[in-house]
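A.B. asks: after the sequence you'll find the predicted model.
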There are 10 protein chains.
Amino acid sequence: MLFCTLMTVKLPPDLPAERVQTLRAAETALAQDYQRQGKLRHLWRVAGRTANVSVWDCADADDFHATVSALPLFPYLEIEVLPLARHPSALD
Amino acid sequence: MLFCTLMTVKLPPDLPAERVQTLRAAETALAQDYQRQGKLRHLWRVAGRTANVSVWDCADADDFHATVSALPLFPYLEIEVLPLARHPSALD
Amino acid sequence: MLFCTLMTVKLPPDLPAERVQTLRAAETALAQDYQRQGKLRHLWRVAGRTANVSVWDCADADDFHATVSALPLFPYLEIEVLPLARHPSALD
Amino acid sequence: MLFCTLMTVKLPPDLPAERVQTLRAAETALAQDYQRQGKLRHLWRVAGRTANVSVWDCADADDFHATVSALPLFPYLEIEVLPLARHPSALD
Amino acid sequence: MLFCTLMTVKLPPDLPAERVQTLRAAETALAQDYQRQGKLRHLWRVAGRTANVSVWDCADADDFHATVSALPLFPYLEIEVLPLARHPSALD
Amino acid sequence: MLFCTLMTVKLPPDLPAERVQTLRAAETALAQDYQRQGKLRHLWRVAGRTANVSVWDCADADDFHATVSALPLFPYLEIEVLPLARHPSALD
Amino acid sequence: MLFCTLMTVKLPPDLPAERVQTLRAAETALAQDYQRQGKLRHLWRVAGRTANVSVWDCADADDFHATVSALPLFPYLEIEVLPLARHPSALD
Amino acid sequence: MLFCTLMTVKLPPDLPAERVQTLRAAETALAQDYQRQGKLRHLWRVAGRTANVSVWDCADADDFHATVSALPLFPYLEIEVLPLARHPSALD
Amino acid sequence: MLFCTLMTVKLPPDLPAERVQTLRAAETALAQDYQRQGKLRHLWRVAGRTANVSVWDCADADDFHATVSALPLFPYLEIEVLPLARHPSALD
Amino acid sequence: MLFCTLMTVKLPPDLPAERVQTLRAAETALAQDYQRQGKLRHLWRVAGRTANVSVWDCADADDFHATVSALPLFPYLEIEVLPLARHPSALD
């Protein structure tokens, strides 16, 4: 099942730079794992903002929640979730 | 260039059924043309709402506006637009 | 999969009373069918408002969308959708 | 009487991990007590977010407030409350 | 049980004046009945707006919904509902 | 003159418990004084939230501001103010 | 007592021009009466919008409501009301 | 003095096509006059929406209001206004 | 040119009392200077809130920005700005 | 391609003054570089607020994101982005 998320990253300004780097590196590593597993189908940057639009392909909502909440940045994310269905005009 | 849109369809309740059908058929036809041209890369239904999430691939904002504003349902759409950039963690 | 919806009914004030009655009767009939099928697990009225909180149990988002969009009142509904996962503290 | 709540957990990012664990353990213990007492009828995770949808069955608003405000996480919760009535189309 | 409501009256501008008068007279009559029954404890006008703040004393949410939804102006009301509990600092 | 307020208490999570207790005790003492003086006519807890609905009876806006801004919790309150007028349907 | 209002005029686009003119003329006449009576102390146009900022000097909220609700455009106004108190830094 | 506006065009869906064309032609003619006069310095389309971002150069707020409110589409526009000052980092 | 501002003061709760007093004294001194210069025409307290409504008379937006941003409390202010034009119904 | 941004600067009040100065100096230097490169076409201060309206001319969304996210103040900015297309009534 597909879920579209708009994730806005809200890191506290006083978080030590080193901590931020560690978090970002771990986030990238896990995000790339998810892409290889096919769980994270699409990942785009929202131009001009510390936010991304992603499309996740998970078994169901439990799988989706476990997947997203494992992200190292999860405690610092504001997430809007739209469950996606097939559009009648979609060709693929 | 990629643009993500969240389009909510707001048809006036008193629009004649026939008119609605004509609009929807024309909308589907054009949306499928756009998909064949590669302009409309992704089109998903937001489950439970008369809304869709789409990702458009256009030359630039002028091309994007011309493409979207040609949709028969355009006068009845509330559209949020997010310009998309490449995400550093994206593999594709 | 479970979906929680907050549905606010926005009937145009000038809709003929007879039409409203027909819509409501059809809505009730289908809602009760859904409950018998196990698709509509919970249906509560938000006290003081023309709105309801419902919990739907559907195969996936496509099934959920087909189920909800078939409601006679669907064109007159503003719907917020929350996909639900199992809560780690839930006993059932 | 039934109350539906949408609770969003907003823990300060700099709260020590140990403190967070203690809070979460106490929260789970009390939430499970409430379920055994029949006060907390339903508890679902909002997929993708640190939030939950719950349905509480309390004697009245005073009982409901005493119940919810006793939750260890209460100082860190943003809570929306919808009092629920019987829906005329509900079969149960 | 007490419920506080903020009701904003949104009459369509093209509703015939006579119809408005009939509605308002019926609304006043029922509101005054409710006050005599003790159901409507307080009724204030929000100064400068077509809105009122009211405090209702009903058996439970079902009784509250039945009471409020019977108001002639109900189809034209936007209603925010706050269930009220006893405040620890309240003397009465 | 009457003023209705919706006060949401936003205490910083890291405020020492002792300080919170002192503030709350002083708040209760002053709130009860105001009730004895007839300045604070009604004080209800919004069930499920750290918020209250109150109705104040003050000489005018200056008196009202002096009264409310003297509350020990005032620096930690988000306050919405609705000036109240007599409702034509009110019996009292 | 002083009240500050932000009034946004929302005339239905299909209201006959003649009717609009009659309303505006009556509105101006009454607004100028109020200024002569000292009830309407200040009246400014919000540049670029069909809205105005006004400061009213009325006996109390009842007087204020009676004054504002008598405006011919009242049914077409969205009004935000701020009760004003003396500012400690104000010289006048 | 400079004013930045975000104008969203909200034409009623049932406005006759001919009327829309007349309005749009008159709007374009006046907008181009304003550009020749130097009053309208910049006019951009918000890609994907029936909205525009404009920067106006007027003597003051009265001139600005007279200029904008003369636009044929003015009754159908939702307008956000930001008065602009010189930015300390601006080179021009 | 006139500007109306709604300023909400958001002082961090943990700002030392002494610092707050210094800021407030400096703010009052400058605000009273501005009133003597005729730059600050009106200054009212929003009753019940740490906010004020002010009307500024400045040469243009640059002058207005320089004036307001010099206020000692400026870093702690959330400011909404409405540029004001002459209202056709205003007598003064 | 053009992008319009509304950037609100949200510096933590307890950020050392020296740090703020360094950030602002670096921000100004880079903003002026961008203007010389033609990337930052317009930069205006929103009068009365710590915010600016800017128009950026970048190759595409990737270039735009790289440009904006390099700003020293980027971690402290809330940014709204509107992609701009040519307006049919624009003369230039």
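C.D. replies: Great, that's in hand.
A.B. asks: only C-alpha atoms for contact and neighbour calcs from this point on.
C.D. replies: Noted.
A.B. asks: list the residues that contact the residue nearest the centre of chain A.
C.D. replies: Centrality entry for chain A: nearest residue to the mean C-alpha point is residue A:54, 5.6 Å, by Cα atoms, centre = their mean. Contacts for residue A:54 were tallied using Cα atoms under 8 Å, 6 or more residues apart in numbering or on different chains; they are A:4, A:5, A:6, A:7, A:40, A:41, A:42, A:43, A:44.
A.B. asks: pull the longest strand from chain A.
C.D. replies: As assigned by DSSP state E, the longest strand anywhere in chain A is strand A:77-86.
A.B. asks: packing partners for that one?
C.D. replies: strand A:2-9, strand B:40-46, helix C:61-69, strand C:77-86 (3 or more Cα pairs under 8 Å, 6 or more residues apart in numbering or on different chains; DSSP states H and E).
A.B. asks: you'd agree residue A:87 is up against residue B:45?
C.D. replies: Yes: the criterion here is Cα atoms under 8 Å, and residue A:87 meets it with residue B:45 at 4.7 Å.
A.B. asks: how close does whichever residue of chain A sits closest to chain D sit to chain H?
C.D. replies: As assessed by Cα to the nearest Cα, chain D sits closest to residue A:65 within chain A, at 4.8 Å. Applying Cα to the nearest Cα, to the nearest Å, the value for residue A:65 to chain H is 32 Å.
A.B. asks: low-confidence ranges in chain A?
C.D. replies: Scanning chain A for pLDDT under 70 picks out nothing.
A.B. asks: which residues of it lie near chain C?
C.D. replies: Proximity of chain A to chain C, by Cα under 8 Å from any Cα of the partner chain, involves residues A:1, A:60, A:61, A:62, A:65, A:81, A:82, A:83, A:84, A:85, A:86.
A.B. asks: ok, the fourth one touching residue C:83?
C.D. replies: Think residue A:62. No: using Cα under 8 Å, residue A:62 is not in contact with residue C:83; the gap is 9.5 Å.
A.B. asks: neighbour count for those two, which is higher?
C.D. replies: Between residue A:62 and residue C:83, counted using other Cα atoms under 10 Å in any protein chain shown, residue C:83 has the larger neighbour count: 27 against 20.
A.B. asks: overlap of the contact sets of residue A:87 and residue B:45?
C.D. replies: residue B:52.
A.B. asks: neighbour count winner among these two?
C.D. replies: Using other Cα under 10 Å, the more surrounded residue of residue A:87 and residue B:45 is residue B:45, with 25 against 18.
A.B. asks: count the neighbours of the residue lying closest to residue A:38 once chain neighbours are set aside for me.
C.D. replies: In this structure, residue A:38 finds its nearest non-sequential neighbour in residue A:57, 7.0 Å apart by Cα to Cα, 6 or more residues apart in numbering or on different chains. Residues near residue A:57, counting by other Cα under 10 Å, number 20.
A.B. asks: show me what contacts residue A:57?
C.D. replies: So residue A:57 contacts A:1, A:2, A:3, A:38, A:39, A:40, A:41, A:64 (Cα under 8 Å, 6+ apart).
A.B. asks: these two touch, right, residue A:56 and residue A:34?
C.D. replies: No: look at residue A:56 against residue A:34 with Cα under 8 Å: they stay out of range, at 9.0 Å.
A.B. asks: in contact with residue A:35, which residues?
C.D. replies: A:41, A:42, B:90, B:91.
A.B. asks: any figure for the gap between the first one and residue A:35?
C.D. replies: The gap separating residue A:41 from residue A:35 is 6 Å, by Cα to Cα, to the nearest Å.
A.B. asks: same question, residue A:65
C.D. replies: 16 Å.
A.B. asks: with adjacent residues omitted, what lies nearest to residue A:9?
C.D. replies: Closest to residue A:9 by Cα to Cα, 6+ apart is residue A:77, at 4.8 Å.
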